[in-house]
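Trainee: sequence and predicted structure are below.
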Amino acid sequence: MFEGKGRTIVVCGIANPSVIPLLKQGYNVMLLAHSVEQADKMRARIPSEYLDHFDAAFCRIEEPEEVKAMAEQAIARFGCVNAIATGVGPNEKNSFDDTDPEEFFKVLQATLRGHFIYMKTMIPYLLRFEAPRIINLTCIDWKCGHFDYGVSAATGKGGLVALTRAIALEYAGKGLTANCIAVGALKTLEPRTPEQEQELNSKIPVGRIATGDDIAPAIAFLASRESSYMTGAVLNMSGGAYMD
């Protein structure tokens, strides 16, 4: 049985709903917040018994100096940084016909540039500690066209899978693993309208949108010591919305 005790994971983007479940799995969790308000909102939701294992930092993943400062903060607070779980990028919904080239490449850059810079900055920190792990949260749209995202976002998420696999191959010999989790639709702190949620539920065979509790066990496993033989993989966590 895997556990996160003694390990630190940094989460941001659509990985954020998994903060509390990861704390319950024993991980120290560093949240990358885009504002003080977001950090305070998350801190207020955390049960008091886990607060000693939680920290937050304002950090834009495309800014190397901010990433370095965050990593040093995590190490100073918890003594290590072992894993990152990341999922950022615009949530655009446009079809191919409705997408102009400028917008298409803007979304690709917003999705891939940040992940590239973030991983390039964080990998030297991860390699300093035991069992380094990278988990990138993508979506099933990269495989099935577009389910909850538009064509630009779906393409960007496919690029993220390719980037993750390139890193997995390059760093496997150093003990670093890199994997993806492909979600169908995920509840976030920014809720959808009832109509949007009902429409998504109707397209998911299990009948509901995923929560942080659904995704966290996969993140917890991929961030663990015990996942050392899995790298370059994409876990399908879509409630049956896509079956490969």
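Mentor: Ah, there it is.
Trainee: give the bridge partners for the residue nearest the centre of the chain, please.
Mentor: The C-alpha lying nearest the average C-alpha coordinate of the chain belongs to Thr86 (C-alpha atoms, centre = their mean; 2.8 Å). Counting by DSSP bridges, Thr86 forms beta bridges with Cys12, Asn136.
Trainee: can you show me the strands along the chain?
Mentor: In chain order, the chain shows strands spanning 8-13, 28-33, 54-58, 83-87, 133-139, 177-183, 234-237, with DSSP state E as the criterion.
Trainee: make TSV from these and add mean pLDDT to it.
Mentor: Conversion of those to TSV gives the following (pLDDT from 0 to 100):
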stretch	mean pLDDT
strand 8-13	94
strand 28-33	94
strand 54-58	94
strand 83-87	94
strand 133-139	94
strand 177-183	95
strand 234-237	91
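Trainee: buried ones in the helix ranked longest in the chain?
Mentor: Looking only at the chain and at elements set by DSSP state H, the helix with the highest residue count is helix 101-126. Taking 16 or more other C-beta atoms under 10 Å as the basis for neighbour counts, the residues of helix 101-126 that come out buried are 104, 107-108, 110-112, 114-119, 121-123, 125-126. To be clear about C-beta, it is placed using only N, CA and C from the backbone, and glycine gets the same treatment.
Trainee: same deal with stretch 3-21?
Mentor: Neighbour counts over stretch 3-21 (16+ other C-beta under 10 Å) mark 4, 7-21 as buried.
Trainee: any idea which of those residues is closest to Glu197?
Mentor: Pro17 (14.6 Å; C-beta to C-beta).
Trainee: I figured the closest one hits Lys187, correct?
Mentor: Yes. Pro17 lies in contact with Lys187 (C-beta atoms under 8 Å); the separation is 6.2 Å.
Trainee: which neighbours do those two have in common?
Mentor: When contacts are counted by C-beta atoms under 8 Å, 6 or more residues apart in numbering, Pro17 and Lys187 are jointly contacted by Thr211, Gly212.
Trainee: quick one: the helices in this structure?
Mentor: Applying DSSP H to the chain gives helices spanning 19-24, 36-45, 64-78, 101-126, 141-144, 151-171, 194-203, 212-222.
Trainee: quick one: Ala69 from Glu63, how far?
Mentor: 9 Å (C-beta to C-beta, to the nearest Å).
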